[in-house]
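Trainee: heads up, no residue letters with this:
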């Protein structure tokens, strides 16, 4: 059987339990062999993260710990320039081979801007896309996005994995934790509690290094 490999990118600024629980449930729901969690160094369509990429990677590694099937992947930090997902998928495709079932997961808010990404068609040439529905996010699709995904959408994992790439599946994860990194940063800047929003090891390093504090 071809390997099933997931990629979950993001700024992870900082990583929180919503990110990690989504990765675990994504792996379970799609029977993935592993999920690469890939921090972006320079996200093209988002504000610059508030702490350096190496620090966000360290927090991600602490958050993952020994969780089976999850790995912190530094490949976007090792490239120069903006962090384009197509380049990351091309690297994963080269690593796992032409027959691997490669999946890029993204949240619904990022999905709504997919047509604005660089070479969005190339994403489907390299991988399947899985859109993780958010509990608080419903909006009509822009025309350019509807055109991009036309005839690509499938309604089951079995249909998704018929081929190595090219399809789109919308997936409602069981837990759907509505934790926001923006809110975590706001609470840290205000000196408010972040207990139970992040893994304890991540919280400890953030406090130890005084990250996300107002200066």
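Mentor: Structure's in. What do you need? Please read these numbers as outputs of a predicted model, since none were measured by experiment.
Trainee: any idea of the mean pLDDT in the host helix or strand of residue 57?
Mentor: Using DSSP states H and E, residue 57 maps to helix 53-64. Mean pLDDT, helix 53-64: 97.
Trainee: And stretch 34-48, by the same measure?
Mentor: The model assigns stretch 34-48 a mean pLDDT of 84.
Trainee: Span of it from start to end?
Mentor: Stretch 34-48 has an end-to-end distance of 28 Å (criterion: Cα to Cα, to the nearest Å).
Trainee: contacts for it?
Mentor: 5-12, 15, 19, 23, 26-27, 49, 53, 56-57, 60, 64, 69-77, 79, 81-84, 88, 92, 105, 113, 116-118 (Cβ atoms under 8 Å, 6 or more residues apart in numbering). Backbone N, C-alpha and C define where each C-beta goes, glycine included.
Trainee: got a list of what residue 114 touches?
Mentor: Shown in contact with residue 114 (Cβ under 8 Å, 6+ apart): 106, 120, 123, 129, 145, 148, 149.
Trainee: Kindly reformat those residues as TSV containing distance to residue 100 and pLDDT.
Mentor: TSV is the format used below for the contacts of residue 114 (distance: Cβ to Cβ, whole Å; pLDDT from 0 to 100):
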residue	distance to residue 100	pLDDT
106	19	94
120	21	94
123	15	97
129	15	98
145	26	94
148	23	94
149	22	95
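Trainee: Pipe those into CSV and attach distance to residue 200, secondary structure and neighbour count per row.
Mentor: Below are the contacts of residue 114 laid out as CSV (distance: Cβ to Cβ, whole Å; DSSP: H, G, I helix; E, B strand; the rest coil; neighbours: other Cβ atoms under 10 Å):
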residue, distance to residue 200, secondary structure, neighbour count
106, 28, strand, 21
120, 38, helix, 18
123, 35, helix, 23
129, 33, strand, 24
145, 39, helix, 17
148, 41, helix, 18
149, 39, helix, 18
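Trainee: residue ranges for the strands of the chain, please.
Mentor: Using DSSP state E, the strands found in the chain span residues 4-10, 34-39, 70-72, 101-107, 128-132, 153-154, 168-171.
Trainee: Output the longest helix belonging to this protein.
Mentor: Longest helix in the chain by number of residues, with DSSP state H as the criterion: helix 17-30.
Trainee: and that one, average pLDDT?
Mentor: 97.
Trainee: got the strands of the chain as a markdown table, with distance to residue 162 columns?
Mentor: What follows is the strands of the chain, written out as a markdown table (distance: least, Cβ to Cβ, whole Å):
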| stretch | distance to residue 162 |
| --- | --- |
| strand 4-10 | 12 |
| strand 34-39 | 21 |
| strand 70-72 | 26 |
| strand 101-107 | 9 |
| strand 128-132 | 10 |
| strand 153-154 | 8 |
| strand 168-171 | 12 |
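Trainee: Quick one: closest of these to residue 161.
Mentor: strand 101-107 (4.9 Å; Cβ to Cβ).
Trainee: so what's the residue nearest to residue 212 when sequence neighbours are not counted up against?
Mentor: Nearest in space to residue 212, with sequence neighbours left out and distances taken as Cβ to Cβ, 6 or more residues apart in numbering, is residue 188 at 3.9 Å. Residue 188 makes contact with 194, 206, 211, 212, 213, according to Cβ under 8 Å, 6+ apart.
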